[in-house]
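J.: Any chance you could fold what I've pasted below:
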Amino acid sequence: MKYLNDISYKDCVGKVFKSTSSGDFKVLKYNNARGIEIQFLKTGYETTVELGHIKKGEVKDPYSPSVYGVGVLGTKYPSRVNGVKTKEYALWHSMLTRCYNNSFKKRRPTYIGCEVSDKFKSYEYFYEWCNKQIGFSNKGWQLDKDLLVKGNKAYSEDSCVFIPKEINLVLVKCTTSRGEHLIGVHWNKKDKAFIARVNKSKGKREHLGLFNTELEAFNAYKEAKETFIKEQADKWKLQIDPKAYEALMNYKVDITD
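T.: Numbers count the residues shown, from 1 in each chain. Below you'll find the model as predicted:
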């Protein structure tokens, strides 16, 4: 058969045809060759298409998961304006990439096991959620998933918050690159002692001293890190979401971090 769908304008109304990307659809009304009203069976979405597109199966349902097989674009909001990705779409697509792009997760294994909530899989919902959040419109602020819920692996409307990049960098653990010792701790061969250091703003690192045991060095790091995080919370208190402020003030560095 030359085309995916063998369709005749004379008797196509009420018949079901196939799309190459979005499942089956039914013809509701035939106005002319360029105005055929259809409805996708799975989502109920209705649109008007051309006869040639139906024959080739080149009919897309914007409410069918099309981004990594899970993300639904919908029709309410643009993904690009004048060829440039909207801020909402860039965030949404990046979030889905971290969770559902296997090549990305091979490069960034810390995202293995991460997922996106059902509501966040909808670009329309995510777009509206973003525009209601404190800090979304601020330049350089980032979407964070694990400040409110430490160790969280799910991007969701309940766990995510926007925070300044400065705060986000403070919370980064660098698990894959820090070596075999506890977080904040390194072994110094020359002095034959454990060193504790804490990273602060703009890449500055504070030396906390030499210690006889790894645990002593970690405890020094823990105290300094928690104190610095509270300082950051107070610095940004009037700008960040109250939930983020509370989470920063209660943040605890664990020995398993």
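
J.: Make sure Asn31 is indeed in a strand.
T.: Yes. With DSSP: H, G, I helix; E, B strand; the rest coil as the criterion, Asn31 is part of a strand.

J.: partners of the closest residue to it other than its chain neighbours in the sheet?
T.: Distances taken as C-beta to C-beta, 6 or more residues apart in numbering place Glu37 nearest to Asn31, at 7.0 Å, with adjacent residues excluded. No exception for glycine: its C-beta is placed from N, CA and C like everyone else's. Note on Glu37: beta-bridge partners by DSSP bridges are Lys29, Thr48.

J.: Wait, Glu37 touches Val27, no?
T.: Yes. Between Glu37 and Val27 there is a contact under C-beta atoms under 8 Å: 7.3 Å.

J.: which of these two has more neighbours?
T.: Val27 (22 against 15; other C-beta atoms under 10 Å).

J.: and the more buried one, backbone torsions?
T.: phi -80, psi 120 (degrees, to the nearest 10).

J.: ok, the spatially closest residue to it that is not a sequence neighbour to Ala33 distance?
T.: Closest residue to Val27 in three dimensions, ignoring its sequence neighbours and counting by C-beta to C-beta, 6+ apart: Cys12, at 4.8 Å. According to C-beta to C-beta, to the nearest Å, Cys12 and Ala33 sit 11 Å apart.

J.: Compare neighbour counts for these two and give me the winner.
T.: Cys12 (18 against 11).

J.: who's in contact with that one?
T.: Residues counted as contacts of Cys12 (C-beta atoms under 8 Å, 6 or more residues apart in numbering) are 27, 30, 36, 54.

J.: So the spatially most central residue of the chain, which state does it fall into?
T.: Nearest to the geometric centre of the chain sits Met95, at 2.0 Å (C-alpha atoms, centre = their mean). Put simply, Met95 is helix when judged by three-state DSSP.

J.: cool, the one 4 residues further on as well?
T.: Here Cys99 is helix, with the state taken from three-state DSSP.

J.: do you know how far the residue nearest to Asn31 is from Cys130?
T.: 33 Å.

J.: Ok, Leu238 next?
T.: From Leu238 to Cys130 the distance is 21 Å (C-beta to C-beta).

J.: quick one: which of these two has more around it?
T.: Set Leu238 next to Cys130 and count neighbours by other C-beta under 10 Å: Cys130 wins out with 18 against 7.

J.: Tell me the backbone dihedrals of that one, please.
T.: phi -60, psi -40.
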